[in-house]
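>>> here's my sequence, what's the structure:
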Amino acid sequence: MDVFEDLKAYIKVIEEPLDVNLEIAHIAYAEAKKSNPRILLFKNPIDKKTNKTYKVPVLMNLFANEEVVEKIFGNHPDVIAKKIEKALKITPAQSVKDKLEMFKFLLDMRKIFPKRTTKKGACQQVEINGLNELPILKTWQKDGGKFITMGQVYTISPDNKEHNVGMYRLQVYNNKTLGMHWQIHKDASGFFNMYKKANKKMPVTIAVGGDPLYSWCATAPLPSGVFELLFYGFIRNQNPRLVKSLTNDIFIPEDADIVIEGFVDPNKEMIEGKFGDHTGYYTQKEPYPFLEVTKITSKKEPVFYATVVGKPPLEDKYMGWATERIFLPLIKMQSPNLLDYKMPENGVFHNLILCKIDPQYPGHSLQIMHSLWGSGQMSFVKHAVFVDKKAPSLTEYKDLAVYVLNRLSKERILISKGVVDALDHSSYEPLVGGKLGVDATGSVVDRKIRLIDDDSLLEKIAQADESVKGLKQYCTNSSNPITVIALKKDKPTKTVFDKIKNLYEFISVVVFVDFEDNNLNNPYMLIWRVVNNIDAEKDVWIEEIIGIDATKKTKDDGFMREWPEDVVCDKDVIYDLKKRGLIDLSEKEIKKFQLL
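Next comes the predicted model:
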């Protein structure tokens, strides 16, 4: 598709020269916080540090909102989901009409397979001297450098039988070297291990731009061994057209804007990071492989696609919405009584999933919990909440919270242990952490506490421990109100919990957060903080009351890893951009979404 033609009405063009160091990313970050964000095209990127002007414009916030996503996909994601459901439920045709429809469907299936051309592609028309010629962004002040953030990373297995495209951040070390941040669970990392075992250099080609659907396909949680561009053909109903890289044997979309080719030596690593990631925290420095660039080419008039990640809401909210809707039929295959699910963006997707099910027997919700935790990308989910079909819509968060809390009991909480995302910072052991499941499919439970106002409850709790500095109760109309307590932490949180758990007459569920970092009147960001910061195996206590520790952890808590910093914008840059009219968020919005 011609992105500029089909999406023209949604694109805001910014002519003013803007710095690839922070300025461009900060504008896109602020734009994504609006109720109806737009795609941004920065026509004149510059690097103020090197006094360089780039010829290539930067496109950001490409998946700007749900309407844009529908335009990119050519359909509502639910329509695509129905097409998948139809493919999964093929049965022998009975009538002539059924046979004709089946024949058409099978003809369409031929279009999913990539077609390879022997000619040069549009993406190979111009040769570029090095990475320094591209307007690659530094997104956050404490990032380790500039990063390509929307690169489609194409890899193949050593036997050339498996093909993969994923999206990984790529740190620029110099004009010819890129860090390859493929995490241990990713398919590209699996290929890398094969090359390492064979002691062979690994070919890699990175495509930037082209049809926006390529970028989404690179994030699609398909089963291992399934080439993501097959899904492109399925959605577009046309064969993806691929061209061979000029210096290795990898095929990439011929209409990509920019192509970066090279090889990874499996015996070499460089320190990668820090990087302000989609969790809203910096990921720490770690050794990763790197790409030695052999060729960079582009279209005659390329555009450099980039994204910004950090605290929600961001562009990934809308990319994740499409993924969530489209993959529902596939998840239903292994859990037939799953009716619907939602992964809220402020739950950082893998940190919180809400599921609506039709339970058929005792323990059915537990069965589905374990099914999800043992399946592909869903295995990284940390917290799962299950409701039945009588529950409100999974997007009516306030009503849904009351529905869950009205059915919450200690007996219906499951704490387990399993694999967690490599970016998860709260697990006491890297890559392995606690899982929390809540079964709210049962009957309403009686309220056992006596409700008092926030000030009175704060006075009682503060008498127990002086580190308590604030308190707010949520869902007070439910059987189990949630009490959020802000601590100025000077001791393990469990010590405070042990002092107040005898107040079960007034408290049912208590959540502890850090006083300095949280606004108790901002539930959207409190949820983001809480689901990010807990390892259920260690940080959830089910005793006289239910306690959840969402504070920063230290060695005093038995936490031996380094706790990361929040991602925040550069204050001087934000207010300079506001002064210049390039950011129009109010002070209230800046505070709400914790930009600073």
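
>>> rest of the way, CA atoms for contacts and neighbours
OK.

>>> per-domain residue ranges of this protein.
As recorded under automatic domain parsing, the domains making up the chain are 3-306, 316-440, 454-557.

>>> give me the below-cutoff pLDDT ranges for the stretch 451-596 of the chain.
Regions of the stretch 451-596 of the chain meeting the criterion pLDDT under 70 are absent.

>>> which parts of it are helices?
Taking DSSP state H, counting those that start in this stretch as the criterion, the stretch 451-596 of the chain carries its helices at 454-464, 493-500, 523-533, 536-539, 571-579, 587-592.

>>> can you redo those helices as CSV with distance to A28 and mean neighbour count?
CSV is the format used below for these (distance: least, CA to CA, whole Å; neighbours: other CA atoms under 10 Å):
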stretch, distance to A28, mean neighbour count
helix 454-464, 38, 15
helix 493-500, 37, 17
helix 523-533, 19, 20
helix 536-539, 34, 20
helix 571-579, 11, 14
helix 587-592, 14, 13
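
>>> ok, which of the ones you listed comes nearest K390?
Nearest of the helices of the stretch 451-596 of the chain to K390, taken as CA to CA: helix 523-533 at 24.0 Å.

>>> off-centre distance for the closest one?
15 Å (CA atoms, centre = their mean, to the nearest Å).

>>> go on, stretch 492-500?
Distance of stretch 492-500 from its chain centroid, counting by CA atoms, centre = their mean, is 33 Å.

>>> which outside residues touch that stretch?
For stretch 492-500, contacts defined as CA atoms under 8 Å, 6 or more residues apart in numbering pick out 461, 464-465, 512, 547, 549, 551, 556-557.

>>> am I right that A440 is in contact with K410?
No - applying CA atoms under 8 Å, one finds A440 not in contact with K410, separated by 11.1 Å.

>>> rewinding a little: out of the domains of the chain, which is closest to K448?
Using CA to CA, the domains of the chain put domain 454-557 closest to K448, at 7.3 Å.

>>> in contact with T283, which residues?
The contact partners of T283, by CA under 8 Å, 6+ apart, come to 273-277, 423, 425, 564.

>>> now do K274
142-144, 282-285.

>>> hmm, back to that, need the contacts of stretch 492-500 in JSON lines (columns: distance to K448).
Converted to JSON lines, these look like this (distance: CA to CA, whole Å):
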{"residue": "I461", "distance to K448": "18"}
{"residue": "A464", "distance to K448": "22"}
{"residue": "D465", "distance to K448": "24"}
{"residue": "F512", "distance to K448": "21"}
{"residue": "G547", "distance to K448": "16"}
{"residue": "D549", "distance to K448": "22"}
{"residue": "T551", "distance to K448": "27"}
{"residue": "D556", "distance to K448": "33"}
{"residue": "D557", "distance to K448": "31"}
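
>>> now the domains of the chain in JSON lines, with distance to K579?
Formatted as JSON lines, the domains of the chain follow (distance: least, CA to CA, whole Å):
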{"stretch": "domain 3-306", "distance to K579": "13"}
{"stretch": "domain 316-440", "distance to K579": "28"}
{"stretch": "domain 454-557", "distance to K579": "26"}
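
>>> neighbouring contacts of stretch 545-561?
The contact list for stretch 545-561, computed with CA under 8 Å, 6+ apart, reads 410, 426, 428, 491-494, 497, 501, 504, 507-514, 529-534, 539-541, 563.

>>> in what helix or strand does the closest residue to M270 other than its chain neighbours lie?
Nearest residue to M270, sequence neighbours excluded (CA to CA, 6 or more residues apart in numbering): P287, at 5.2 Å. Using DSSP states H and E, the element containing P287 is strand 286-288.

>>> then F263?
Secondary structure from DSSP H and E places F263 in strand 258-264.

>>> list the buried residues of the following helix or strand past that strand.
Using DSSP H and E, the helix or strand that directly follows strand 258-264 along the chain is strand 270-272. Neighbour-count burial for strand 270-272, counted by 16 or more other CA atoms under 10 Å, picks out 271-272.

>>> what are the ranges of the strands in the stretch 101-250 of the chain?
115-117, 126-127, 147-148, 151-156, 163-167, 170-174, 177-179, 202-208, 241-244 (DSSP state E, counting those that start in this stretch).

>>> those: which one's closest to Q473?
Distance to Q473, taken as CA to CA, is lowest for strand 163-167 among those, at 40.4 Å.

>>> can you name every helix or strand that the closest one contacts?
Under the contact criterion of 3 or more CA pairs under 8 Å, 6 or more residues apart in numbering; DSSP states H and E, strand 163-167 touches strand 151-156, helix 187-198, helix 212-217, helix 228-236.

>>> switch the cut-off to 7 Å
If you count contacts as 3 or more CA pairs under 7 Å, 6 or more residues apart in numbering; DSSP states H and E, strand 163-167 packs onto strand 151-156.

>>> roughly how far is the strand it packs on from the heart of the chain?
19 Å.

>>> could you list every helix and strand that that strand packs against?
strand 163-167, strand 202-208.

>>> of those, which shows the lowest average pLDDT?
Lowest mean pLDDT within these: strand 163-167, at a mean of 94.

>>> that one pairs with which strands, parallel or anti?
Take DSSP bridges as the rule and strand 163-167 pairs in its sheet with strand 151-156 (antiparallel).

>>> what angle do the strand it pairs with and strand 170-174 make?
Here strand 151-156 runs at an angle of 90 degrees relative to strand 170-174 (axes from the mean of the first three to the mean of the last three CA atoms, to 10 degrees).

>>> who does the closest residue in space to V419 that isn't next to it in sequence bridge with?
Excluding the flanking residues, the one nearest V419 by CA to CA, 6+ apart is V432, at 4.6 Å. Assessed by DSSP bridges, V432 has beta-bridge partners V419, E429.

>>> surely V432 touches V420?
Yes - the criterion here is CA atoms under 7 Å, and V432 meets it with V420 at 5.3 Å.

>>> distance of the residue nearest to M270 from A30?
Distance of P287 to A30, given as CA to CA, to the nearest Å: 32 Å.

>>> kindly report the same for G121.
Using CA to CA, G121 is found at 36 Å from A30.

>>> kindly report the same for L229.
L229 sits 32 Å away from A30, going by CA to CA.

>>> look at these two and report which has more neighbours.
Just comparing L229 and A30: by other CA atoms under 10 Å the higher neighbour count belongs to L229, 26 against 22.

>>> list the contacts of that one.
Shown in contact with L229 (CA atoms under 7 Å, 6 or more residues apart in numbering): 217, 240.

>>> let's go with 10 Å and repeat that
By CA atoms under 10 Å, 6 or more residues apart in numbering, the residues touching L229 are 112-114, 163-165, 213-214, 217-218, 220, 235, 239-242, 252-253.

>>> hmm, T177 and L291 touching each other?
Yes - at 5.6 Å, L291 counts as touching T177 under the criterion of CA atoms under 10 Å.

>>> list residues touching both of these two?
Contact criterion CA under 10 Å, 6+ apart; residues shared by L291 and T177: 170-171, 262, 264.

>>> for the helices and strands packed on strand 151-156, which one sits closest to S375?
Comparing these by CA to CA, strand 163-167 comes nearest, at 18.6 Å.

>>> for the closest one, which outside residues touch it?
If you take CA under 10 Å, 6+ apart as the criterion, strand 163-167 is touched by 148-157, 181-182, 186-188, 191, 205-207, 214-221, 224-229, 250-252.

>>> rewinding a little: could I get the helices and strands packed on strand 151-156 as a markdown table with distance to H364 and mean neighbour count?
Output for those, formatted as a markdown table (distance: least, CA to CA, whole Å; neighbours: other CA under 10 Å):
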| stretch | distance to H364 | mean neighbour count |
| --- | --- | --- |
| strand 163-167 | 34 | 23 |
| strand 202-208 | 44 | 26 |
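
>>> which one of the ones you listed lies nearest to A9?
Nearest of those to A9, taken as CA to CA: strand 202-208 at 22.6 Å.

>>> only alpha carbons, please: show that closest one as PDB.
Extracted in PDB, the C-alpha atoms of strand 202-208 (Å, rounded to 0.1, in the frame of the first residue of the first chain):
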ATOM      1  CA  MET A 202      24.700 -15.800  10.700                       C
ATOM      2  CA  PRO A 203      23.200 -13.700   7.800                       C
ATOM      3  CA  VAL A 204      20.800 -11.000   8.900                       C
ATOM      4  CA  THR A 205      18.900  -8.400   6.900                       C
ATOM      5  CA  ILE A 206      16.900  -5.600   8.400                       C
ATOM      6  CA  ALA A 207      14.100  -3.900   6.400                       C
ATOM      7  CA  VAL A 208      12.700  -0.600   7.500                       C
END
